[in-house]
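> Give me the fold of what follows.
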Amino acid sequence: MSLLTIALGGNALLQYGQKGTFEEQLANARVTAKQIVEFIKRGYKVVVTHGNGPQVGAILLQQEAGSSQVPAMPLHACGAMSQGLIGYMIQQSLINELRKAGIDMPVATVVTQVLVDRNDRAFRNPTKFIGPWYSEEEAKEKDKLGWVMKYDVGKGWRRVVPSPDPIKQVEIEAIRRMVDSGIIVIASGGGGIPVVDEEELEGVDAVIDKDLAGERLASSLGAEIFMILTDVEKVAINFKKENQRFLDVLTLEEARKYYEEGHFPPGNMGPKVLAAIRFVERTGKTAIITSLDKAIDALDGKTGTRIVKK
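Sure thing, here's the model as predicted:
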C-alpha cells in the first residue's frame, strides 16, 4: 500500500467567518474525515497532519483572560493543548466515518514534538499568523500588550509569532512503527510542539509551519505523495493581478524559479510551495496542492497543482 501524507489547512476545521465553537469545528472535521476515508477506500495508507493557527491563538486568549485566577501556560504548552483538541476531533470523526464504510482500522493521535534550532533567525523575525483577525484599531491596542501584529492580506490584522524551520519529529520512530502496523496516524499537529535538544528536550515559544513540518514527516516516512489541502484549488502566479495564471503541473525547477521570484507570500502560499519543493527534492516523489473539496479529483490528476521532479 502506498503512503499518502495529508497536511490539512485551517479551513479543514474552521472556515473564515465562523466563531470557532467546538460544534462548528467538529462539523468541519466530519466533512474532512469523509474525504480522508475516500483515500483509504482507494487502498492508501494515510498519515494526517494539520494546522492550529486559529485554535492555538484562541487558547492563548483564554489563558490570558483567566491568568488572574490560574497560571497561564506558555505558547509551546498551548500548542500541545491544540494538538490534543484537534486530534480528538479528527480522530473521532475518522473512526465514525470508517465505521459507516465498514472499515475496521485503528486511528490514533500522537502528541508530537518537533526539533528546532534555538538560533533560528525566525525568533528575531516573527511571521506566523495565529489567533483571530482584528481591525486596525484593535491591532493597535494589542501592540500595547507587546504582541507583534501584521496584516493578513484581505482578512485583517493578526498576531504573529516566531516560526522556526523544523528539523525532525522527535517521535518519528514511534509514528513509523504505528504506520507500519496499519494504524491511521494523526501527527505533528500544528507543526508540532517546538523543542530544542541541548542535553535535554525543552519547549520553546513558537509555532512551526504545519506544511514545512508535514514535509519532514512525509519525507521521513517515505510517503509516495505529499498532499497539502488549503482553501484554493490551484496555485497561481501573479495572484489577484490581471495576468494571474493558475498552475497545473510544475517541475521542480519551475517551482523553485517562481518561488525565488516571490510569487508566493511568506505568510500564505509561500510555505506550502516551499514544503512541496523540499519533498520533491528529498524523495523524487510527487507533491500536490489543492483544496479540501477537490482532493479526490486532484489525486486523479483532474485538478490541483502538482510539483514533480521533471
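> Just say helix, strand or coil for residue 281.
At residue 281, secondary structure determined by DSSP: H, G, I helix; E, B strand; the rest coil is helix.
> Wait, it touches residue 252, no?
Yes: with contact defined as Cβ atoms under 8 Å, residue 281 counts as touching residue 252 (6.6 Å). Using the backbone N, CA and C atoms, a C-beta is placed for each residue, glycine as well.
> Beta-bridge partners for the nearest residue to residue 308 once chain neighbours are set aside, please?
Distances taken as Cβ to Cβ, 6 or more residues apart in numbering put residue 286 closest to residue 308, at 5.5 Å, once the chain neighbours are dropped. According to DSSP bridges, the partner residues bridging residue 286 are residue 225.
> from what I can see residue 286 touches residue 305, true?
No: in this structure residue 286 lies outside contact range of residue 305 using Cβ under 8 Å: 10.9 Å.
> The two - which one has more neighbours?
residue 305 (25 against 19; other Cβ atoms under 10 Å).
> Would you mind measuring from that one to residue 145?
39 Å (Cβ to Cβ, to the nearest Å).
> and what of residue 129?
Taken as Cβ to Cβ, the span from residue 129 to residue 145 is 17 Å.
> The two - which one has more neighbours?
Counted by other Cβ under 10 Å, residue 129 and residue 145 do not tie: residue 129 has more neighbours, with 24 against 9.
> That one belongs to a helix, doesn't it?
No: according to three-state DSSP, residue 129 belongs to no helix; its state is strand.
> Give me the nearest residue to it, chain neighbours excluded.
Take residue 129 and drop its neighbours on the chain: the residue closest to it by Cβ to Cβ, 6+ apart is residue 158, 4.5 Å away.
> give the contact list for residue 137.
By Cβ atoms under 8 Å, 6 or more residues apart in numbering, the contact set of residue 137 is empty.
> Show me the shaky parts of this structure.
Scanning the chain for pLDDT under 70 picks out no residues.
> which one's the longest helix in it?
helix 75-100 (DSSP state H).
> Report all helices and strands that that one contacts.
helix 22-41, strand 45-50, helix 53-65, strand 107-110, strand 184-187, strand 193-198 (3 or more Cβ pairs under 8 Å, 6 or more residues apart in numbering; DSSP states H and E).
> which helices and strands sit right next to the first one?
If contacts are counted by 3+ Cβ pairs under 8 Å, 6+ apart, helix 22-41 sits against strand 3-8, strand 45-50, helix 75-100, helix 295-299.
> redo that, cut-off 6 Å
helix 75-100 (3 or more Cβ pairs under 6 Å, 6 or more residues apart in numbering; DSSP states H and E).
> Residue 159 pairs with what?
Beta-bridge partners for residue 159, by DSSP bridges, are residue 130, residue 149.
> Settle this for me: it is touching residue 147, isn't it.
Yes: with contact defined as Cβ atoms under 6 Å, residue 159 and residue 147 form a contacting pair (5.0 Å).
> Compare the two (neighbour count), which wins?
residue 159 (24 against 18).
> give me every residue that touches that one.
130-131, 147 (Cβ atoms under 6 Å, 6 or more residues apart in numbering).
> wait, which of these is closest to residue 223?
Within these, the smallest distance to residue 223 is 26.9 Å, found for residue 130 (Cβ to Cβ).
> can you give me the helices in the stretch 151-300 of the chain?
Using DSSP state H, counting those that start in this stretch, the helices of the stretch 151-300 of the chain run over 172-180, 210-221, 252-260, 269-283, 295-299.
> Can you check what angle separates the second one from strand 45-50?
With axes from the mean of the first three to the mean of the last three Cα atoms, to 10 degrees applied, the angle from helix 210-221 to strand 45-50 works out at 150 degrees.
> and helix 210-221, how far out from the chain's middle?
10 Å (Cα atoms, centre = their mean, to the nearest Å).
> now for that helix, which elements pack on it?
strand 3-8, strand 45-50, helix 269-283.
> if we look at it, which residues are touching it?
By Cβ under 6 Å, 6+ apart, helix 210-221 touches 5, 7, 49, 51, 114, 166, 169, 172, 188, 190-192, 226, 228, 271-272, 275, 278-279, 282-283.
> do stretch 11-19 as well
Under Cβ under 6 Å, 6+ apart, the answer for stretch 11-19 is 20, 24-25, 28-29, 32, 54, 231, 292.
> again, only this time at 8 Å
Counting by Cβ under 8 Å, 6+ apart, 20, 24-25, 28-29, 32, 50-51, 54-55, 86, 89-90, 155, 229-231, 292 sit against stretch 11-19.
> Now stretch 20-37 - C-alpha only, PDB.
Extracted in PDB, the C-alpha atoms of stretch 20-37 (Å, rounded to 0.1, in the frame of the first residue of the first chain):
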ATOM      1  CA  GLY A  20     -14.800  28.800  16.200                       C
ATOM      2  CA  THR A  21     -17.200  27.000  18.500                       C
ATOM      3  CA  PHE A  22     -16.500  23.300  19.200                       C
ATOM      4  CA  GLU A  23     -19.600  22.400  17.300                       C
ATOM      5  CA  GLU A  24     -18.500  24.300  14.200                       C
ATOM      6  CA  GLN A  25     -15.100  22.800  14.200                       C
ATOM      7  CA  LEU A  26     -16.400  19.200  14.800                       C
ATOM      8  CA  ALA A  27     -18.800  19.600  11.900                       C
ATOM      9  CA  ASN A  28     -15.900  20.600   9.700                       C
ATOM     10  CA  ALA A  29     -13.800  17.700  11.000                       C
ATOM     11  CA  ARG A  30     -16.600  15.300  10.000                       C
ATOM     12  CA  VAL A  31     -16.600  16.700   6.400                       C
ATOM     13  CA  THR A  32     -12.800  16.400   6.300                       C
ATOM     14  CA  ALA A  33     -13.000  12.800   7.600                       C
ATOM     15  CA  LYS A  34     -15.200  11.800   4.700                       C
ATOM     16  CA  GLN A  35     -12.600  13.000   2.300                       C
ATOM     17  CA  ILE A  36      -9.800  11.100   4.100                       C
ATOM     18  CA  VAL A  37     -11.800   7.900   4.200                       C
END
